[in-house]
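> How does the following fold in three dimensions:
(one chain, ligands or ions: 1)
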Amino acid sequence: MDKKTVLSGIQPSGSLTLGNYIGALRNFSDFQNEYECYYCIVDLHAITVPQVPKDLRKNTLEVLALYLACGLNPDKSTIFIQSHVHEHAELAWVLNTITYMGQLNRMTQYKDKSRKYNESINAGLFTYPVLMAADILLYQADLVPVGEDQRQHLELARDLAIRFNNKYSDTFSIPEPFIRSTGSKIMSLQDPSIKMSKSDPDKNAYILLLDDKDTIYKKIKRAVTDSENHIDYNDRQLGLKNLIDIFSSLTDKRTEEIVEMYQNKGYGEFKDDLAEIIIDCLEPIQRRYKELISDKEYLEKIYSIGAIKAERKANNTLRKVYKKVGFVPKPDMIK
Ligand code: TRP
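Next comes the predicted model:
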């Protein structure tokens, strides 16, 4: 009963990239045996930027199928869609009332996104990190596997948990981020100073988990490097550094080993091998994905069971929160 709890989520805002996989998804299945795991598809978060409704629906099922294809086991983990558990939005509201405007103003992801969508910045984009804190705190999560870019959001979740616990009484566990030292931030293949992102207008900047072999090969061949013509891992050769990080993450070889392996070889040979490693890694995932995505009934079963299990836990936390802030309990007969 005293297993620790893990929670994480991915937005269904487009096809997932190799960056999503290496930074987050690939780590998810590792926790399944020793932790109580909750993995959600955060559709409420996705609508903070413009979405086409039918694509959002499709992408949500795509992320679910990818979760399963990447090894999440519904008998071990609770896999669910965020909007199916209304407690997320409700706890977010309560947490909004103890969040300072200044804290949200300092969020770098908000600053980046509001620059990008400058004509249509909505209040949801501003309070996005509060909803994320609600996702985490509802399940009393101890550990949250995420990419490096989510560190600041995790800090907020911890801060809000501590603030609430101090203001009322012990209610929430204080979550810790789980961020790997290599691979937690995979960069664009075309501009290694920015994160690999599926919303990049340049398709060569990212590899999608569902890209076919030829596409992967071409994108790696086109990835920017430098003119030093010498394999090394440093901050002057950022493009190469990123490729070595990808190599290292997918093979569990240390970066020094990789540099050693390619000491007297050219970038071409390194890239050929890297492309092959990526293709070999994604091939079984893609095969499994194809089977799953065509079985809508099975997917529906998984997310239905997930919603019931998630709601049980979430409701338990939300009831305590409502009681502590002073709401009159809702009588059983109108539940
Ligand atoms: N903000 C996260 C991202 O963009 C997604 C997310 C939403 C999340 N809720 C979460 C991640 C809860 C971990 C835990 O990657």
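
> now for the helix or strand bottoming out on mean pLDDT in the chain, which elements pack on it?
Lowest by mean pLDDT, DSSP states H and E among the helices and strands of the chain is helix 108-116, with a mean of 87. If contacts are counted by 3 or more Cβ pairs under 8 Å, 6 or more residues apart in numbering; DSSP states H and E, helix 108-116 sits against helix 123-138, helix 151-167. In this view, the C-beta of every residue, glycine as well, is placed from N, C-alpha and C.

> Residue 187 is nearest to which of those helices?
helix 151-167 (16.3 Å; Cβ to Cβ).

> What mean pLDDT does that closest one get?
For helix 151-167, mean pLDDT is 98.

> The longest helix seen in the chain close to the ligand?
The single longest helix within the chain, with elements called by DSSP state H, is helix 296-325. No. Using Cβ under 6 Å from any ligand atom, helix 296-325 never reaches the ligand; the gap is at least 12.5 Å.

> distance of the spatially most central residue of the chain from the ligand?
Note on the chain: the residue nearest the mean C-alpha position is residue 10, at 3.9 Å, using Cα atoms, centre = their mean. Distance check for residue 10 against the ligand: by Cβ to the nearest ligand atom, to the nearest Å, it reads 6 Å.

> Does the closest residue to that residue other than its chain neighbours lie in a helix or a strand, and which?
Of all residues not flanking residue 10 in the chain, residue 63 sits nearest, at 5.7 Å (Cβ to Cβ, 6 or more residues apart in numbering). Taking DSSP states H and E as the definition, residue 63 sits inside helix 53-69.

> How about the helix or strand that comes right after that helix and the ligand, any contact?
Downstream of helix 53-69, the first helix or strand assigned by DSSP H and E is strand 77-81. No. Strand 77-81 lies apart from the ligand when judged by Cβ under 6 Å from any ligand atom; the minimum separation is 12.3 Å.

> rewinding a little: contacting residues around the least confident helix or strand of the chain?
48, 49, 104, 121, 125, 126, 128, 129, 149, 152, 153 (Cβ atoms under 8 Å, 6 or more residues apart in numbering).

> what do you get if the cut-off is 6 Å, keeping everything else the same?
121, 125 (Cβ atoms under 6 Å, 6 or more residues apart in numbering).

> how much distance is there from that helix to the middle of the chain?
Relative to its parent chain, helix 108-116 has a centroid offset of 18 Å by Cα atoms, centre = their mean, to the nearest Å.

> Just the buried positions in the helix holding residue 63, please.
56, 59, 60, 61, 62, 63, 64, 65, 66, 67, 68, 69 (16 or more other Cβ atoms under 10 Å).

> quick one: residue 227 is in a helix?
No. Counting by DSSP: H, G, I helix; E, B strand; the rest coil, one finds residue 227 to be coil, located in no helix.

> shaky segments in the stretch 201-335 of the chain?
Scanning the stretch 201-335 of the chain for pLDDT under 70 picks out the ranges 335.

> Strands of that one, start to end?
Applying DSSP state E, counting those that start in this stretch to the stretch 201-335 of the chain gives no strands.

> Please, where are all the helices along it?
213-222, 238-251, 255-261, 267-293, 296-325 (DSSP state H, counting those that start in this stretch).

> Near the ligand, which residues of this protein? Just list them.
Residues of the chain that fall close to the ligand, judged by Cβ under 6 Å from any ligand atom: 7-9, 11, 42, 45, 132, 135-136, 144, 146, 150, 153.

> Separate out the buried members of those residues.
Judged by 16+ other Cβ under 10 Å, buried ones among the residues of the chain next to the ligand: 7-9, 11, 42, 45, 132, 135-136, 144, 146, 150, 153.

> so what's the backbone phi/psi at residue 5?
Main-chain torsions, residue 5, degrees, to the nearest 10: phi -110, psi 140.

> Can you name the residues that contact it?
Contacts of residue 5 by Cβ under 6 Å, 6+ apart are 36, 139, 140, 141, 142.

> From residue 44, how far out is the first one?
Right, residue 36. 22 Å (Cβ to Cβ, to the nearest Å).

> same check, this time on the last one
Relative to residue 44, residue 142 is positioned 23 Å away (criterion: Cβ to Cβ).

> if I read this right, residue 302 contacts residue 75, doesn't it?
No. Applying Cβ atoms under 6 Å as the test, residue 302 and residue 75 come out as separate, 10.3 Å apart.

> Quick check on these two: which one has the bigger neighbour count.
Per other Cβ atoms under 10 Å, whichever of residue 302 and residue 75 has more neighbours is residue 302, with 21 against 6.

> ok, for the residue of the stretch 151-300 of the chain found nearest the ligand, nearest residue in space, not its chain neighbours?
In the stretch 151-300 of the chain, no residue comes nearer to the ligand than residue 153, which is 5.9 Å away by Cβ to the nearest ligand atom. By the measure of Cβ to Cβ, 6+ apart, the closest residue to residue 153 outside its immediate chain neighbours is residue 129, 4.7 Å from it.

> what's the neighbour count on that neighbour?
Neighbours around residue 129, by other Cβ under 10 Å: 26.

> how about it, what does it touch?
For residue 129, the contact set (Cβ under 6 Å, 6+ apart) comprises 107, 153, 156.
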